[in-house]
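Asks: Generate coordinates for the sequence data below:
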Amino acid sequence: MPKRSVFSRLRGKAQRKIPVKLQMNQYDCGPSCLHMLLAYYGYEADFTDLKERFAMLGSGRDGSSMLKMKEVAETYHLKGVAKKAPVPSLSNDFLPVICFWEQRHFIVLEEIKAGKLYTIVDPAMGRMTITKQEFEEKYSGIFLLVYPDEGFVPFSEKKMSKVAYFKDLIRSNKKYFVWAVLLALGLQLVSVLFPFLMQVSIDAVTGNEGYSIFPVLITSVALLTLFQIGFGYVKDMCIVRLQEVLDSQLTTSFVSHMLKLPYQYFEIRSRGDLMMRVNSNVTIREILSQKMISTFINLFLIVVTFTYIVIQSRIIAFTLLGIGITQVLIFVYTRSRFKKLTQTQIVAQSLAGSFMTEVLEGISTIKSLGIEQRTEEKWRELFKRQLATVKEKAIFQTRVNTITNTLNFMTPMLILLVGLYQIMQGNMTLGMLVSFQSLAALFLGPLNSLALMLNEFVMADALLDRIYDVILAEKGRSFQKKPNEMVHVAELQGDITIDHVSFKYTEYSSPVLNDISMTIKAGQKVALVGRSGSGKSTLAKLLVGLYTPTQGNIYFDGIHAEELDPQHIRDQVSIVLQDNFVFNNTVYDNIKLHAEEATAEEVMFAAKLADIHADIERMPMKYNTLISEAGSNLSGGQKQRVALARALVSRPKILLLDEATSALDTLTESTIAGNLSMLKCTQIIIAHRLSTIRNADTIYVLDQGELVDAGTHEELVTRCDAYQRLVGEQLNEAQLRQYG
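Replies: As a prediction, this is how the structure comes out:
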């Protein structure tokens, strides 16, 4: 481990506080901790790029590990040392370090104060100080120390401007923005004229004009009131229209981009968290349609009223300016803290929401296992964290509001005292004083509103960080090409060539598939077999374009897969995955989901091939029976057969079945196999059951991501050790079922 002097020097150059970087989802704690330490040493890494180095490696579907964090750190020229150490051996000399936390999480230990208080930065909750006892209870005994090597160079990567993100949106709706601003300006001008009218009226009445001024005053008030009503109504209607357009454009463009992201993006993010990001667009719309316009108006009002006050009375103007500067300084001083509290609240809300989504989706499992109490306890813990963040933010906001409210309360009294003194000096009339009281409200009111709106902008900024995680994610390759750059084939024959294909989730991870080559002729029935985790399902996902090969190529009818229109491929290549999903719609609509032109006869024929037709006919509304959410009113076997019928209705040229009949009894599976044998298409079957694959033309055996042999069942059972083990395991299982 490096000597103390090295760390003293590094700490002197680095920032004294760890920059807080909160995690975007439940798997991001490792990347977020490393992100914080990179920033601590002066390297402002792009988080999207950082996660790319982690994604699907350890912090992908399964979370990070110390080893993977160390490997990723080295790509940024940070050396890493992982060490087992008890709490007493931790020292400020070697901080900050990443600590393994509660056997499932990572945090950054920033500082130890007097050996009793520990300052940590939790990527899920932000910075906090805890007691030694709390630290000992949660610390899992392992830490990772990272520090710059000789090649480390501080760096700040350019990030997409958040203003640029909205520029096109504002420009496309310029008409509504301009009209809303102009009408709001007119409305505020009317408001400014009221104090002026008040001043003239009071001075006229206290002077010599008497009753003669009343007709003019009544007419002026009536006209100003009509203008106020007219401008207000038209402005509000304009904003309603603007909100409608923005709602449509913001959410539509966001969802459109999200659906074009690669499959891997969704594998490492929870549904609840993504739903929260979709809904965040509503908050952004509110900011654009009302808060932004109000900000411009408030700035205008502040400038106009202050200019008028300066002309009339400099002493009143400087009094208001002092109060205004104090409020601005309060906001500047509290902004950073407010943003951190907002980010922490959003993360806690996302975690609690994601878990509740998971609970509702898995309610049958929770009920069947009888773990309602344990589930409730976990939800209570997450919800308690969420409430704690809300409370902490509310307390902080209350303290700030107490100061600003005190200033607001004192302002009229200060204006009154200064004004009365000016009247006694003969420098001001009573009408001017009353006018200044109103103008002070018109000056400080917008200033307070501006401070509150800037806090809302801070919240929007935190939400934008989460929206950007989606917006900045690169679309799948199939959406990066223009239609004229792709090859269009009327009908595939069904030939498949897999040429030295390797696949790994990132350039830093180990290969999942390594140098796979196979040639499948049109109309052949082939099988992929191997132990769990051997790469069978990954290869199937490569064939349908859910993944892209890291090395090597895939060809359909001799044409490179990346040159073909992906939609065209998916129209002719159907897949039934292990996790069959049916939608909350009728059975009929579920079957013809991606074949809208299919006739009722074709839907029925596909159902018969999948041996689900008889079951559907026994349902209350037959093919018009509504399937419950997630298919809860169907058995596992029925869901598999509906999914199979959905794959067959488009008459595919290539059919991939990934454990598509695992929930079926042997007789039903045999019936379906007989039906599928009549089809003129290439079939690729992934299954564990020997009966499902033994009649395949060719059986490909995968082991630890490599193709170890290929041949018929009779050939492989005599020469392939890996295949013999698989067959032997199934025979043993059959004997156990028979005699057990």
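Asks: list the helices and strands the longest helix belonging to the chain packs on?
Replies: The longest helix of the chain (DSSP state H) is helix 372-424. If you count contacts as 3 or more CB pairs under 8 Å, 6 or more residues apart in numbering; DSSP states H and E, helix 372-424 packs onto helix 314-361, helix 430-471. In short, each C-beta sits where N, CA and C put it, glycine included.
Asks: what's the angle from the longest one to helix 372-424?
Replies: Between helix 314-361 and helix 372-424, the angle formed by their directions is 170 degrees, by axes from the mean of the first three to the mean of the last three CA atoms, to 10 degrees.
Asks: mean pLDDT for the helices and strands packed on helix 372-424: which is lowest?
Replies: In terms of average pLDDT, helix 430-471 trails the rest of the helices and strands packed on helix 372-424, at a mean of 74.
Asks: if we can go back for a sec, I'd like the helices and strands packed on helix 372-424 written out as CSV, with distance to A673 added.
Replies: Compiled in CSV, those are given as follows (distance: least, CB to CB, whole Å):
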stretch, distance to A673
helix 314-361, 32
helix 430-471, 42
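Asks: Buried deepest among these, which one?
Replies: helix 430-471 (a mean of 20; mean count of other CB atoms under 10 Å).
Asks: after it, next one along is what?
Replies: Counting by DSSP states H and E, the next helix or strand C-terminal to helix 430-471 is strand 496-503.
Asks: Please identify the buried residues of that following strand?
Replies: Residues 496-499, 501-503 are the ones in strand 496-503 that count as buried (16 or more other CB atoms under 10 Å).
Asks: That one pairs with which strands, and in what direction?
Replies: Looking at strand 496-503 with DSSP bridges, its partner strands are strand 513-520 (antiparallel), strand 551-556 (antiparallel).
Asks: Identify all contacting residues around it.
Replies: By CB atoms under 8 Å, 6 or more residues apart in numbering, the residues outside strand 496-503 that reach it are 511-520, 535, 538-539, 542-543, 547, 549-556, 558, 654, 682, 684.
Asks: From those, list the buried ones, please.
Replies: Among these, the ones that count as buried by 16+ other CB under 10 Å are 511-514, 516, 518, 520, 535, 538-539, 542-543, 547, 549-550, 552, 554-556, 654, 682, 684.
Asks: Pull the contacting residues for the spatially closest residue to S502 that is not a sequence neighbour.
Replies: Counting by CB to CB, 6 or more residues apart in numbering, S502 lies nearest to Q551, which is 4.2 Å off, once chain neighbours are set aside. Applying CB under 8 Å, 6+ apart to Q551 gives the contacts 500-503, 515.
Asks: any idea which of these is closest to T357?
Replies: F503 (29.9 Å; CB to CB).
Asks: Excluding sequence neighbours, find me the nearest residue to the closest one.
Replies: In space, F503 is closest to L513, 4.4 Å off (CB to CB, 6+ apart).
Asks: from memory that neighbour sits against T538, does it?
Replies: Yes: the pair L513 / T538 is scored as a contact, 5.9 Å apart, by CB atoms under 8 Å.
Asks: Look at K378 and say how many residues are nearby.
Replies: 13 (other CB atoms under 10 Å).
Asks: Model confidence for it, exactly?
Replies: Value for K378, per-residue pLDDT: 87.
Asks: what's it in contact with, if anything?
Replies: Per CB under 8 Å, 6+ apart, neighbours of K378: F355.
Asks: gap between it and K391?
Replies: Applying CB to CB, to the nearest Å, the value for K378 to K391 is 20 Å.
Asks: Give me the buried positions along stretch 636-648.
Replies: 637-648.
Asks: what's the answer for stretch 80-93, then?
Replies: By 16+ other CB under 10 Å, the buried positions in stretch 80-93 come out as 80, 82, 85, 90.
Asks: just stretch 135-153 next, same as before
Replies: Going by 16+ other CB under 10 Å, stretch 135-153 has these buried residues: 135, 138-139, 142-148, 152.
Asks: Just name the closest of the residues you listed to A473, please.
Replies: When the buried residues of stretch 135-153 are compared against A473 (criterion: CB to CB), the nearest one is V146, at 26.2 Å.
Asks: Which of the buried residues of stretch 80-93 fall within strands?
Replies: 80, 82 (DSSP state E).
Asks: Just the closest of the buried residues of stretch 80-93 to A460, please.
Replies: G80 (36.3 Å).
Asks: With N633 as the reference, measure out to the closest one.
Replies: The gap separating G80 from N633 is 52 Å, by CB to CB.
Asks: Nice, that's everything, thank you.
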